[in-house]
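Chemist: heads up, no residue letters with this:
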């Protein structure tokens, strides 16, 4: 990607609100992280993308790379807050200057290998709704987006609440197969949206209408 093309892509992402959306996604995940810290993290992630292009890095999905970099640092900010440390608007700059960014390339490469592995596993599943749900989730994760249950309902075209059920069952199915193959669930689950236990328990019990919707689809 040329410098001009990268600049044009950042202009486009700003105009369509994609960078604002990344901030909203991060805030939704960890809403206790101060807004100004989240904003600074996204801005520094954009600067890191520019730096990578300048050093010869191959960039094809700008929004996805910004989300990957910003997502990792946002989690770090959250963990530091849990440990009792204060984070401020200069947090991202300090982390970049301290060399934290250098680990992102290796982490992104692990994601790509994990995605290939999951695709191979899911390809052996029957063409059912669990397979379709997981593929939609993985494709979105690669693009830097984590689909919530309500998003799955819309993307999959299913009844309200059904996407949550399919998601949880697909994840259970994937976990069982990974463990059978000797693969670490932790290495894979970082790609996917967090599912809290209350959410899982609520979705484990389907009413008759939900069962009918699942069978019909």
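Modeler: Nice, thanks for sending it over. This is a predicted model, so every value here is computed, not measured.
Chemist: show me where the protein has its helices.
Modeler: Taking DSSP state H as the criterion, the chain carries its helices at 3-15, 18-29, 35-54, 62-82, 91-97, 104-123, 129-142, 149-156, 162-180, 185-189, 197-204, 208-216.
Chemist: quick one: contacts of the fifth one?
Modeler: Identification of contacts with helix 91-97 by C-beta atoms under 8 Å, 6 or more residues apart in numbering yields 37, 40, 41, 43, 44, 45, 47, 48, 73, 76, 77, 101. For the C-beta atoms, the positions are set from N, CA and C on the backbone; glycine is no exception.
Chemist: doesn't residue 151 make contact with residue 160?
Modeler: No - using C-beta atoms under 8 Å, residue 160 is not in contact with residue 151, being 12.0 Å away.
Chemist: residues in contact with residue 160?
Modeler: Counting by C-beta under 8 Å, 6+ apart, residue 160 has contacts 150, 153.
Chemist: tally of neighbours for residue 164?
Modeler: 23 (other C-beta atoms under 10 Å).
Chemist: quick one: it from residue 151, how far?
Modeler: 10 Å (C-beta to C-beta, to the nearest Å).
Chemist: any idea which of the contacts of helix 91-97 has the most stuff around it?
Modeler: Most surrounded of the contacts of helix 91-97: other C-beta under 10 Å gives residue 41, at 30 neighbours.
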